[in-house]
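1. below are the sequence and a predicted model for it; my questions follow.
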Amino acid sequence: MAQITVRPVTSEGDRQQFLEVPQWVYRHDPNWVPPLKASIAAQLSPEDNPFLGYGEFQGFLAFDDQGRAIGRVVAAINQRLIEREGRRVGLFGYFECIEDFAAGQQLLEAALSWLGDRQIEVVRGPINLSTHNNCLFLVEGFERPPMMMMPYNPPYYPQWLEEMGWVKAKDAYAYDFPMEPLSDKFEKAYRIALKSGITFRPIRTKGEGFDEDVRSLYRLFTQAFANNWSSTPRTEADFLEEAQQLKSLVDPDIFPIAEDNGEMVGFFMGLPDYNIALKHVNGTLNIWGLLKFLWYRRQIKQARMITLCALPEYRRKMVPLALVYLTMKGGEKRGYQRAELSWIWEDNHPSRRITEASGGVIGKTYRVYEKEL
């Protein structure tokens, strides 16, 4: 057997090798979409990183006997999550490894050891520092590429964890939607919402209007999802920064907003599936990558629906169903052929009922694992 060496990421050279590991893991996988390396590097930057204000992390690399980096993982402690849950929860994320069980096991053992040295009691993952970044292992639905900002992994990752004694913490689902007309009850819901005084409009994408909408989205998002499992609220600054990065990618036709007397009370956040274009840029948006991205984005005929949100008191006014109605109408107008709503926790029954009533069918299953130390 090849000799495996695992060591912590400590230098700029290590960080560059860390970013390159997925290229080796997925070199023969036609469904893989390379993540933007600059985005991963920013999340794990040792300088000017907002996460380091309330947490700490350590990356590890696995090397084969020829000195090639064949695997990676990050162990992390999010103090906000610990305070919220009242117990010492640690995280692992950014896990990638070639199909070598010994290498994968040694990587995870290194992460567990680092967390154990810091009095962590239970480890959860994969979660890349926070559920606001990438998280989850795909466990069912490997036949299709991932939608934008959704995880993807080889089937052997979850198999390995189960062999190592990790257990399921929670599943999440991605729902497939054909772009077909909805039942009449959705249009009726839209009419009821209008009669109740609710107004609807697309998100604004320019100037002060965009900034105002993003701040309203942040307030609503934070209020509506304050109790999400294994999650802690983002700061407004973090939310605004992420929104600026996505500003040029927004399609207002699939991002409707509901208002009551000018105050945002609901939204349905959708984006074109830019993975169709990102697949061709190999993780780097240099001048040639950008040109390829602009060329291939014209081929996008599917969308990822990210979040359906409405304040509880507006559900009886049919705001969620009205938002679904407007989004599907907008998608048909733009020529989208299919959509995916992802992801929804398995125990989020209100969202699942609306999704399934809209014609959504579970297409993929994802999982977060836990292990007691």
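-> Yes, it's here.
2. tell me, what residue is most central in the chain?
-> In the chain, the C-alpha closest to the average C-alpha coordinate belongs to residue 134, at a distance of 4.3 Å (CA atoms, centre = their mean).
3. can you pull the contacts of it?
-> Applying CB atoms under 8 Å, 6 or more residues apart in numbering, one finds that residue 134 lies in contact with 35, 93, 126, 128, 149, 151. C-beta coordinates here come from the backbone N, C-alpha and C atoms, glycine included.
4. go again with 6 Å.
-> 128, 151 (CB atoms under 6 Å, 6 or more residues apart in numbering).
5. and stretch 91-102, average pLDDT?
-> This predicted structure assigns stretch 91-102 an average pLDDT of 97.
6. same question but for stretch 220-233, I mixed them up
-> For stretch 220-233, the mean pLDDT works out to 84.
7. got it, and stretch 195-209?
-> If you average the pLDDT over stretch 195-209, you get 95.
8. buried set for that stretch?
-> Under the neighbour-count criterion of 16 or more other CB atoms under 10 Å, stretch 195-209 has 198, 200, 202-204 buried.
9. closest one of these to residue 73?
-> Minimum separation from residue 73 among those (CB to CB) is found for residue 203, which lies at 36.8 Å.
10. I figured that closest one hits residue 254, correct?
-> No: under the criterion of CB atoms under 6 Å, residue 203 is not in contact with residue 254, lying 9.7 Å apart.
11. and residue 219, its phi and psi?
-> Backbone dihedrals for residue 219, given as degrees, to the nearest 10, come out at phi -60, psi -40.
12. and it, how far is that from residue 342?
-> As for residue 219, its distance to residue 342 is 24 Å (criterion: CB to CB, to the nearest Å).
13. neighbour count winner among the two?
-> Looking at residue 219 and residue 342 with other CB atoms under 10 Å, you find the greater number of neighbours at residue 342, namely 23 against 14.
14. residues touching that one, list them.
-> If a contact means CB under 6 Å, 6+ apart, then residue 342 has 150, 174 as its contacts.
15. what's opposite it in the beta bridge?
-> residue 174 (DSSP bridges).
16. what's the neighbour count on residue 141?
-> 16.
17. again, but for residue 363
-> The local packing count at residue 363 equals 19, with neighbours defined by other CB under 10 Å.
18. that one - nearest residue in space that isn't next to it in sequence?
-> In space, not counting the residues next to it along the chain, residue 363 is nearest to residue 176; the distance is 3.8 Å by CB to CB, 6 or more residues apart in numbering.
19. which residues does that neighbour contact?
-> Applying CB under 6 Å, 6+ apart, the residues near residue 176 are 340, 361, 363.
20. from residue 359, how far off is it?
-> From residue 176 over to residue 359 the distance is 9 Å, taken as CB to CB.
21. same question, residue 88
-> Distance of residue 88 to residue 359, computed by CB to CB: 43 Å.
22. do residue 70 as well
-> Between residue 70 and residue 359 the distance is 43 Å, computed by CB to CB.
23. and the two? Which one has more around it.
-> Comparing residue 70 with residue 359 by neighbour count (other CB under 10 Å), the higher total belongs to residue 70, at 22 against 18.
24. so which strand or helix has the more buried one?
-> Using DSSP states H and E, residue 70 sits in strand 69-78.
25. again, but for residue 112
-> When secondary structure is defined using DSSP H and E, the element that contains residue 112 is helix 101-116.
26. residues in a beta bridge with residue 305, which ones?
-> Note on residue 305: beta-bridge partners by DSSP bridges are residue 270, residue 341.
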